[in-house]
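structure here, sequence nowhere to be found:
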């Protein structure tokens, strides 16, 4: 395995090679299961060093997953993983071991649970807070059908900062008599967990009486085994309740609490799950795990190893490009703006690292708010601050902001409050797949009155748009892609952009090409290809999805044969649709060739490959444009 410095030591086991289905581990002894856990960690570290992925979370749930599969029988019994980014171990045990090196690769295994991938994946997910509701729905359906299968929901402590989880907790005892909830407590989501629930759980874990009692229970398990050991655990729990009342919170919701237990003690976990399997009531097992266990670099850099690209399997080092990402440009700009404007505040939903607000926090700690995985609350919280004269910048991934649609409408836009939505990962999110692609925000935002929506072509324009949003007295949204941009230098102080005005990159007379944001280079390439054929093409940087530059559209509509729109967004209701609507309202019949994502959920894979496969390319635009090019040539011949 890997030693304490993270250096690879040759360790060759063969138990994992014997596992083709979960049933294969049921004959293993506890020492064999412990060896299997080592082999699984080795496989995770080596495989993900090539593909990238959620290493830390999966290293932390190896023993938990082994114990669950040892005691329960999937696919008859159902496992529901919250977020499901920690389901890699589950995949290794359920017939996908030989394909594991394809995870998050084009045509390979998905990085999350996927119902179409395996009968053992009972429920697909990619966002937090879904496990308890889905598991309760399955349990209620089982009860209606008279079934006997077990439903097990595994949720991290970060998921308990999510409002949906509490809505489910409120209903569990009312709607089922039998459900097992496993609280996987490692004190982290991507960053360290925040809020009262995190503090409450920490108090349970760090209470000396609880620790002593459960250490005793673990030692006695090996001496006594079976039901006797479980009785010791239960007596420890009862004693702990009188000292700290750790179970009161959950038991008020109707779940009998067990724990906290060592989430890496396979023997203890197996005996506990056997006991819980016999309970005819909703139960919650509180398991303490260590995110990144078994790989020192992942323990030292928890945030980095939550999810990352390829790395060195011995040292954990990655190869940074040296170029700042859009997220980092956003954070740097916000620091500058906050230096000058004491009303600016930054809000994130448990994503300081992903949104780069961890770079803002040291400069303005009092103006930084992490509300946990609670996007709806984040937006309403921002609205409340805005009513008191503050300028909230709410940094949330495009795909996660979908959860807050109603608060955006009801609490921000209806009241015309100056909240700025900074939508990271606007567009395709590549290897993370359908749950993480930010392909819908134009559609779901442009229909709302009062909001303006901007998309930058490069890093410098992102800074300008953030400055423009700061000056704007109303709701604003800025979407920007994952990763790095073209490398454009950012000027010392951003400039305000005129609201709703596009930028003409080059003029042209026959075709007008609008390249939104990161796809502007595609528009430029198309123009060059057309000009090589003697066709004059204008290239336009729209900047604003809402309001559109209708004057510019009208100007070009009077002289071009066709418009072309490029967008890293679904075509349905997207930017191209907005252009079509505007032209129609102005009574122009000039055709619009729209290039964007089709009306289906896009799988995971490399961005360039997915674009080529789905027709987001210059070649696709030329093919769609061909009939109008012929018309344009014919018109030129008549004119001559």
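In hand now; what should we look at? Model, not experiment: these values are computed from the prediction.

from here on, contacts and neighbour counts on C-alpha atoms
OK.

now the chain, which segments are flagged as low pLDDT?
Within the chain, the stretches with pLDDT under 70 are 1-13, 188-247, 630-640.

please repeat the previous calculation with a cut-off of 50.
Applying pLDDT under 50 to the chain flags residues 1-12, 189-190, 193-194, 206, 209-214, 216-226, 228-229, 232-233, 236-245, 637-640.

does the most centrally placed residue in it count as helix, strand or coil?
For the chain, the residue nearest the mean C-alpha position is residue 436 (5.2 Å; Cα atoms, centre = their mean). The local conformation at residue 436, judged by DSSP: H, G, I helix; E, B strand; the rest coil, is coil.

who are the contact partners of it?
Neighbour list for residue 436: 126, 399, 428-429 [criterion: Cα atoms under 8 Å, 6 or more residues apart in numbering].

redo those residues as CSV? Include neighbour count, distance to residue 612 and secondary structure.
Below are the contacts of residue 436 laid out as CSV (neighbours: other Cα atoms under 10 Å; distance: Cα to Cα, whole Å; DSSP: H, G, I helix; E, B strand; the rest coil):
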residue, neighbour count, distance to residue 612, secondary structure
126, 21, 25, coil
399, 22, 22, helix
428, 26, 13, coil
429, 23, 15, coil
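
distance to residue 266 added to those residues, as TSV?
Listed next are the contacts of residue 436 as TSV, based on distance: Cα to Cα, whole Å:
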residue	distance to residue 266
126	27
399	36
428	40
429	36
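
and the furthest pair within these?
Farthest apart among the contacts of residue 436 by Cα to Cα are 126 and 428. That separation is 14.9 Å.

now the helices for the stretch 201-350 of the chain?
Per DSSP state H, counting those that start in this stretch, the stretch 201-350 of the chain carries helices over the ranges 208-224, 226-244, 248-252, 266-277, 296-300, 326-340.

now the element after the strand or helix carrying residue 65, going C-ward?
For residue 65, the element it lies in under DSSP states H and E is helix 62-71. Going down the chain from helix 62-71, the next helix or strand is strand 78-81, by DSSP H and E.

other SSEs contacting whichever helix or strand comes after that next one?
Per DSSP H and E, the first helix or strand lying C-terminal to strand 78-81 is helix 88-93. Under the contact criterion of 3 or more Cα pairs under 8 Å, 6 or more residues apart in numbering; DSSP states H and E, helix 88-93 touches helix 62-71.

identify the residues contacting the helix it packs on?
Contacts of helix 62-71 (Cα under 8 Å, 6+ apart): 22-23, 25-26, 33-34, 37, 40-41, 89-90, 263-266, 269-270, 273-274.

in ChimeraX, how would I select the buried members of those residues?
Entered in ChimeraX, the line below selects the buried ones among the contacts of helix 62-71, by 16 or more other Cα atoms under 10 Å:
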select :22,23,25,33,34,37,40,41,89,90,263,264,265,266,269,270,273,274
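
tell me, how many residues neighbour residue 257?
The tally of other residues near residue 257 (other Cα atoms under 10 Å) stands at 22.

I misspoke; the intended subject was residue 620.
Neighbours of residue 620 (other Cα under 10 Å): 14.

can you show me the helices along the stretch 51-200 of the chain?
Under DSSP H, counting those that start in this stretch, the stretch 51-200 of the chain gives helices at 55-60, 62-71, 88-93, 131-145, 163-175, 196-206.

the fourth one: which residues count as buried?
Under the neighbour-count criterion of 16+ other Cα under 10 Å, helix 131-145 has 131-140, 142-143 buried.

ok, stretch 109-125 next?
Applying 16+ other Cα under 10 Å to stretch 109-125 flags 109-114, 120-125 as buried.

mind listing residues that contact it?
Contact partners of stretch 109-125, identified using Cα under 8 Å, 6+ apart, comprise 53, 74-75, 78-88, 94, 99-100, 102-104, 126, 134, 431-433, 435, 604.

contacts for the lengthiest strand in the chain?
Criterion DSSP state E: the longest strand present in the chain is strand 562-570. Contact with strand 562-570 is made by 426-428, 438-440, 442, 510-520, 522-523, 574-576, 590-599, 616, 621, 625, 628, as judged by Cα under 8 Å, 6+ apart.

now with 7 Å?
For strand 562-570, the external contacting residues (Cα atoms under 7 Å, 6 or more residues apart in numbering) are 427-428, 439-440, 511-516, 519, 523, 575-576, 590-599, 628.

next, the angle strand 562-570 makes with the helix or strand just after that strand.
Downstream of strand 562-570, the first helix or strand assigned by DSSP H and E is helix 575-585. Relative orientation of helix 575-585 versus strand 562-570 (axes from the mean of the first three to the mean of the last three Cα atoms, to 10 degrees): 140 degrees.

off-centre distance for helix 575-585?
31 Å (Cα atoms, centre = their mean, to the nearest Å).

ok, back up a step: would you turn the buried residues of helix 131-145 into CSV with distance to residue 306?
Compiled in CSV, those are given as follows (distance: Cα to Cα, whole Å):
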residue, distance to residue 306
131, 19
132, 22
133, 24
134, 24
135, 25
136, 28
137, 29
138, 29
139, 31
140, 33
142, 34
143, 37
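
kindly indicate which of the residues you listed lies nearest residue 344.
residue 131 (35.3 Å).

count of residues packed around the closest residue to the closest one other than its chain neighbours?
Closest residue to residue 131 apart from its sequence neighbours, by Cα to Cα, 6 or more residues apart in numbering: residue 82 at 4.6 Å. By other Cα under 10 Å, the residues close to residue 82 number 28.

would residue 538 count as being in a strand?
Yes. Assessed with three-state DSSP, residue 538 lies in a strand.

so that it lines up with my notes, have the first residue be 43 from now on.
Sure, I'll start counting at 43 from here, so that last one is residue 580.

which strands and helices sit next to the helix or strand residue 449 falls within?
Taking DSSP H and E as the definition, one finds residue 449 inside helix 447-449. Here helix 447-449 touches helix 417-428, going by 3 or more Cα pairs under 7 Å, 6 or more residues apart in numbering; DSSP states H and E.

chain center to the helix holding residue 107: distance?
25 Å.

and the angle from that helix to helix 308-319?
50 degrees.

count of residues packed around the residue lying closest to residue 319 once chain neighbours are set aside?
Spatial nearest neighbour of residue 319, chain neighbours left out: residue 192 (7.4 Å); criterion: Cα to Cα, 6+ apart. Burial of residue 192 is recorded as 22 neighbouring residues (other Cα under 10 Å).
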